[in-house]
Every structure is written in C-alpha cells, then in structure tokens.
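Undergrad: With the sequence up front, the predicted model follows.
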Amino acid sequence: MSARYVILSGCSGGGKSTLLAELRRRGYNAVDEPGRRVIKAEIDGGRRALPWVDLAAFARRAIEISIEDRNAAADLPGWVFFDRGLVDAASALEHATGESALERLGWLHRYNPTVFLTPPWPEIYVPDSERKHDFKAAISEYERLVQTYPALGYRVVVLPKMSVERRADLVLAELGTAFT
C-alpha cells in the first residue's frame, strides 16, 4: 500500500476534477481520471472501448491505465491525488461482466486508507462528450462505490457540497501533514 496515494472518487459530475485542479493549484501532485483518458484515446483512434459501446473493454483499459498511473506515481514526491483509480475501474468491470477482478486488484494495489467521495450533486452535474450517461446512471455508480470501498477496508469520507476551496481544505485536514 502507498499511503501517499489518495483517491478522489464518487458520483460523476460531483466535482472531483475541479477538486483535483484545486489541489494541483496548491502544489500537490495529481493524476487525471483514467476513464476520461481512455475515452479520448479511443475516440481519437477510432476504437470502440467506450463505456457506451463496450463497457467491459473500457473498464479493462481503465484498469491498465490505473496500474500504469500507480507505477508512474512512485517517482512523485509527497501526496499524489488520483481522480478515480483502480478500484473504480475494477468495480465497473465487475458491474459489466460479473468478473471478480475487484477483490484481487482491490487488495493487491492499495491506496491511502481514507478515500474521499463526492456525492450526487444535481445542481452541478453536466453531461459532456466524455460523460454521456444520465444522472440516474451516475447515482447508480456512486451507490456501488459507496459499498465497494468500505468492503475493501477503506474509510470513506463523503465530501460536503461546498466550495472547492473548502473541500480541498477538508481533504488536507483529514490527511494531516504526513507527506506535505
């Protein structure tokens, strides 16, 4: 496990990327969401591993990217914040296929024991070219993650709906100063 690796997960459109940008602005290392990178690469390359075309292929590719991200983060100092990660991708694969990669991968590749989840926030949810699912599907995914992370031994902190600055302050206060 790397206690330096901190997961920001939760509901699509709940403010994870905005929070990641704020943490980056404050000088912390941050890793963008694997799923969005997979979607962009698949669209640019004319391939079909897209969540709305082939969710299983998409999730498998996101798992690969998540493992690559963890390996690359070893060279970064201090806290490393991940916009989603391996557990999210493995959860999507299990949801799509019933494959139980989640148990194996979730215990093998550990993150900080505290995971931060953004709750459903309809007032800021906006579909886009990489987020084509509706809010109901986003809530379903969130509900799976709320159960998945504790089942893998993580302590979950659901972030309140507040300004991004206050959310970043709360995340950093929860983590303390061990790696700053």
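TA: Yep, that arrived.

Undergrad: Can you list the residue ranges for helices in the chain?
TA: Here the chain has its helices, by DSSP state H, at 16-25, 34-44, 55-73, 86-97, 101-108, 135-151, 164-175.

Undergrad: Need the contact partners of the last one.
TA: When you say that, I think you mean helix 164-175. Outside helix 164-175, the residues that touch it by Cβ atoms under 8 Å, 6 or more residues apart in numbering are 6, 8, 15, 18-19, 21-23, 26, 79, 112, 114, 116, 157, 159-160, 162, 180. Glycine gets a C-beta too; all of them are placed from N, C-alpha and C.

Undergrad: Name the residues of stretch 43-62 that come out as buried.
TA: Buried residues in stretch 43-62, counted by 16 or more other Cβ atoms under 10 Å: 49-51, 54-62.

Undergrad: and the most centrally placed residue in the chain, how far is that from Ser17?
TA: In the chain, the residue lying closest to the centroid (Cα atoms, centre = their mean) is Arg84, at 0.9 Å. Between Arg84 and Ser17 the distance is 10 Å, computed by Cβ to Cβ, to the nearest Å.

Undergrad: And for Pro160?
TA: 18 Å.

Undergrad: possible to save the helices of the chain as CSV with distance to Pro120 and mean pLDDT?
TA: Listed next are these as CSV, based on distance: least, Cβ to Cβ, whole Å; pLDDT from 0 to 100:
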stretch, distance to Pro120, mean pLDDT
helix 16-25, 12, 94
helix 34-44, 18, 82
helix 55-73, 20, 90
helix 86-97, 16, 87
helix 101-108, 22, 72
helix 135-151, 5, 86
helix 164-175, 15, 96
